[in-house]
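**Q** the sequence isn't on hand, but the structure is:
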């Protein structure tokens, strides 16, 4: 009996994956839950990231996770042996954000890859997201080197955990539907279509690309001989110029998965289980909603604006508090980037709007003043009708001193707020 390999396209520490993590941990059986800190081990804030991930699993998922420290391959032997001892007992192992090539350099020619396979061999669960997901195939994308440094498109050798578990050799690419670039193509883990096509031509014949969308997970169960897709997006298989997509809620036999990646199976093959119908809010009929922080912030900002426009102070406050709570929930996801900045800016704008409302009030000042001004205008009209123009002028001047300008017309007097020229 073997375990399950889970590949997450992104969001491995986001609210979107909480429910899936819970079920994976519950089904993994007894044994420690462990995380490897290697992919981000080179970062100056590695301690903070470790603490955030531990907080996510303890508070959001409800299952504390221990740290298998392996930030460098030359860690003191005692540190490395403690990490391996923990992994060798673990029923659930997690690794996520950072740099895939850094992780590969720290793991190659060490016991770590074999430890992943050992966990799977003991019917445990290995969850690899984002950077760690890139390492699972036979070939890996050097993301930073190509996207940030400007190196020519090329592959580096991966751990081939997928191949060792299933016999399927592929290049695994998370962030497959990334849209951070806006008008610039950052799909396919920031490669874009042009560079991906170049890299596909560099792969050996019969080897395809396995792409996992953001906030999406695929579960590879070799005992059940199936891969299932969960989350916001889908699983994309590219080989020989052909593309096959398995949407969220769908599944595929591993034999067909391997055939599509090698170019043997027809690209028109259908998934074994069709995707669950989607509702307008992005949830499937099982109730699994997978919004992004950006969509949550956009919805709450619209709710806030509607509340302010309607004079609903409590509604505006509730929307602002809900956004603050959402930012807190998503803060453990180290890959939010622009979404987190956008949400924080939206919250700041809400605070400014609340301060303005505190100064000026939520109701239209004209609506508040109109009944009083109309009484003055009626008194002025009566005075003028009686020939008491001095009183009429005094009432008009008094309104002007208060910032209210009166204009007389054929149908009566109209008023507006006086603005300085």
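**A** Everything's here; your move. Since the structure is predicted, the reported quantities are computational estimates derived from the model, not experimental observations.
**Q** ok, now how distant is the residue lying closest to residue 63 once chain neighbours are set aside from residue 62?
**A** Setting aside the residues directly before and after it, residue 63 is nearest to residue 25 in space (Cβ to Cβ, 6 or more residues apart in numbering), at 4.9 Å. In this view, the C-beta of every residue, glycine as well, is placed from N, C-alpha and C. Distance of residue 25 to residue 62, given as Cβ to Cβ, to the nearest Å: 9 Å.
**Q** tell me which of these two has more neighbours.
**A** residue 25 (20 against 12; other Cβ atoms under 10 Å).
**Q** I'd guess the more buried one is in a helix, am I close?
**A** Yes. Applying DSSP: H, G, I helix; E, B strand; the rest coil, one finds residue 25 inside a helix.
**Q** thinking again about what came up before, hmm, the residue nearest to residue 63 is touching residue 58, no?
**A** No. If you go by Cβ atoms under 8 Å, residue 25 and residue 58 don't touch, sitting 11.9 Å apart.
**Q** domains of the chain?
**A** 4-262, 293-360, 365-417 (automatic domain parsing).
**Q** quote the end-to-end distance of the first one.
**A** Using Cα to Cα, to the nearest Å, the end-to-end distance of domain 4-262 comes to 22 Å.
**Q** now swap in stretch 207-227 and tell me
**A** Span of stretch 207-227 from end to end, Cα to Cα: 18 Å.
**Q** one more: stretch 239-255?
**A** So stretch 239-255: terminal residues 15 Å apart, Cα to Cα.
**Q** below-threshold pLDDT in the stretch 151-300 of the chain: ranges please.
**A** The stretch 151-300 of the chain contains residues with pLDDT under 70 at 265-291.
**Q** quick one: the strands in it?
**A** 156-157, 170-173, 208-212, 216-221, 226-231, 234-239, 242-247, 251-253 (DSSP state E, counting those that start in this stretch).
**Q** roughly how far does the spatially closest residue to residue 37 that is not a sequence neighbour sit from residue 72?
**A** In space, and not counting its chain neighbours, residue 37 is closest to residue 50: 5.3 Å by Cβ to Cβ, 6+ apart. As for residue 50, its distance to residue 72 is 14 Å (criterion: Cβ to Cβ).
**Q** now swap in residue 228 and tell me
**A** Distance from residue 228 to residue 72, by Cβ to Cβ: 35 Å.
**Q** neighbour count winner among the two?
**A** Neighbours per residue (other Cβ under 10 Å) separate residue 228 from residue 72, with residue 228 holding more: 22 against 15.
**Q** for residue 343, see how far away the residue nearest the centre of the chain is.
**A** In the chain, the residue lying closest to the centroid (Cα atoms, centre = their mean) is residue 292, at 4.7 Å. Computed as Cβ to Cβ, the residue 292 to residue 343 distance reads 10 Å.
**Q** ditto for residue 105
**A** For residue 105 relative to residue 343 (Cβ to Cβ), the value is 34 Å.
**Q** between these two, which has more neighbouring residues?
**A** residue 343 (25 against 15).
**Q** phi, psi for that one please.
**A** phi -70, psi -40 (degrees, to the nearest 10).
**Q** distance of it relative to residue 178?
**A** 18 Å.
**Q** what do you get for residue 128?
**A** 18 Å.
**Q** again with residue 13
**A** Residue 13 is 17 Å from residue 178, by Cβ to Cβ.
**Q** and those two? Which one has more around it.
**A** residue 13 (31 against 20).
**Q** by neighbour count, which bits of the helix or strand containing residue 340 are buried? Give me those.
**A** Secondary structure assignment for residue 340, by DSSP states H and E: helix 338-360. By neighbour count with 16 or more other Cβ atoms under 10 Å, helix 338-360 contains the buried residues 339-340, 342-343, 346-347, 350, 353-354.
**Q** show me what contacts the closest residue in space to residue 79 that isn't next to it in sequence?
**A** Spatially, and ignoring its direct neighbours in sequence, residue 79 is nearest to residue 69 (5.6 Å; Cβ to Cβ, 6+ apart). The contact partners of residue 69, by Cβ atoms under 8 Å, 6 or more residues apart in numbering, come to 37, 75, 79, 82-83.
**Q** with residue 33 instead?
**A** Applying Cβ under 8 Å, 6+ apart, the residues near residue 33 are 25, 57, 63-66, 90-92, 94.
**Q** so which of these belong to strands?
**A** Using DSSP state E, 66, 92, 94 are the members of those that sit in strands.
**Q** circling back: got the buried residues of helix 338-360 as CSV, with distance to residue 364 columns?
**A** Formatted as CSV, the buried residues of helix 338-360 follow (distance: Cβ to Cβ, whole Å):
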residue, distance to residue 364
339, 35
340, 35
342, 30
343, 30
346, 25
347, 26
350, 20
353, 15
354, 17
